[in-house]
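**Q** Sequence plus the predicted model coming up.
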Amino acid sequence: MTDLPTQDGPAADGTISEPRLAASVILLRDAPGGLEAFVQHRVSTMDFAAGMVVFPGGRVDAADESGWDYPADLLQRHAAAWCSSSIGADANSGTGTGTGTGTSSTQAETNAGTVLTAAIREVQEESGLSISAADLRPWANWITPTDMPKRFDTYFYLAKPSPGAEPQHQTTEAWQSLWMPVAGILEAEAAGTLKLMPPTYYLLKEIAGFETVDAVWSAEHAVVPVLAPVGSLAAFLKERESRH
């Protein structure tokens, strides 16, 4: 049996845990053999996604709520992209609650700025790469199924780093971080030599349909939040094992 992450079981008391906001960044680059993504191979002792191959990312912190100053049009674009998600609610329109965008911002824009800041911070902390907000595009929103005791409401961004930018391996949560061909990751998953969480798998399958970073970046792509059904993670892992 495939060794499952330790959180992959129903909550002991049957309650549904509240998902934590999180941000994850799909760093892409063009290569002679096709698109490559920067991924991390998580250590097997982690309490979430143990032993899985993931994109850089992590939880949104309170510090991400302030100290930033993004262009208004960028925040408006991001808020519009996330409009169907939990952070897209435009409550308290015109009042603003964060110090990053001022009193004229909407709540949705404040939320967008907070999650964007988390994404930029996580990339810096986990790979040493400083990336511009303009080089991040909202791409997907996945929410952990309700039968999991540790849940995340994760906002995935596409990122196109500057040419020559070299992220590094510098996180203790993974034993290896490196650029890998998108097609190669999927082939290794099919062969059973690496493991992906469902969001990572489906997002890579989607991206594999493009030939260049610019093609992905310019594609029409609405963000439709995905709340996987109860039991879906166990079913996904069981189906994967049945192939090997």
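**A** On my side now, so go ahead. All of these numbers come straight from a predicted model, not from anything done at the bench.
**Q** Flag every buried residue along the lengthiest strand in the chain.
**A** Secondary structure of the chain read by DSSP state E shows that its longest strand is strand 20-29. Neighbour counts over strand 20-29 (16 or more other C-beta atoms under 10 Å) mark Leu21, Ala22, Ala23, Ser24, Val25, Ile26, Leu27, Leu28, Arg29 as buried. Just so you know, the C-beta spots here come from the backbone N, C-alpha and C atoms, and that holds for glycine as well.
**Q** now, among those, which is nearest to Ala183?
**A** Leu28 (12.9 Å; C-beta to C-beta).
**Q** Please look at that closest one and Ile207 and confirm they touch.
**A** Yes - counting by C-beta atoms under 8 Å, Ile207 is a contact partner of Leu28 at 7.2 Å.
**Q** what sits in contact with each of these two?
**A** Taking C-beta atoms under 8 Å, 6 or more residues apart in numbering as the criterion, Leu28 and Ile207 both touch Leu35, Ala37, Val182, Val216.
**Q** now the strands for the protein?
**A** For the chain, the strands defined by DSSP E occupy 20-29, 36-42, 53-54, 57-59, 136-143, 152-159, 174-181, 226-227.
**Q** Could you give the average pLDDT over the first one?
**A** It refers to strand 20-29. Here strand 20-29 scores 96 as its mean pLDDT.
**Q** so where is the protein shaky, pLDDT-wise?
**A** Applying pLDDT under 70 to the chain flags the ranges 1-14, 42-51, 90-105, 169, 171-176, 233, 237-238, 240-244.
**Q** quick one: the helices in it?
**A** Here the chain has its helices, by DSSP state H, at 72-81, 107-127, 182-191, 198-207, 213-217, 232-242.
**Q** Show residues contacting the fifth one.
**A** With contacts defined as C-beta under 8 Å, 6+ apart, helix 213-217 is touched by Leu28, Arg29, Asp30, Leu35, Arg137, Leu158, Lys160, Ile207, Phe210.
**Q** export these to TSV and tack on distance to Thr15?
**A** Below are these laid out as TSV (distance: C-beta to C-beta, whole Å):
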residue	distance to Thr15
Leu28	38
Arg29	43
Asp30	46
Leu35	41
Arg137	36
Leu158	35
Lys160	41
Ile207	35
Phe210	41
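**Q** so, if you compare those residues, which one comes nearest to Asp147?
**A** Nearest member of the contacts of helix 213-217 to Asp147, counting by C-beta to C-beta, is Ile207, at 27.9 Å.
**Q** check contacts around that closest one.
**A** Ile26, Leu28, Leu35, Ala37, Val182, Val216.
**Q** let's see it at 6 Å
**A** Taking C-beta atoms under 6 Å, 6 or more residues apart in numbering, we find Ile207 in contact with Val182, Val216.
**Q** and if you look at Phe152?
**A** Phe152 touches Pro19, Arg20, Ala22, Thr144, counting by C-beta under 6 Å, 6+ apart.
**Q** Return the distance of the nearest residue to it once chain neighbours are set aside relative to Thr114.
**A** For Phe152, the nearest residue in space outside its immediate sequence neighbours is Ala22; the separation is 4.4 Å by C-beta to C-beta, 6 or more residues apart in numbering. Per C-beta to C-beta, to the nearest Å, Ala22 is found 12 Å from Thr114.
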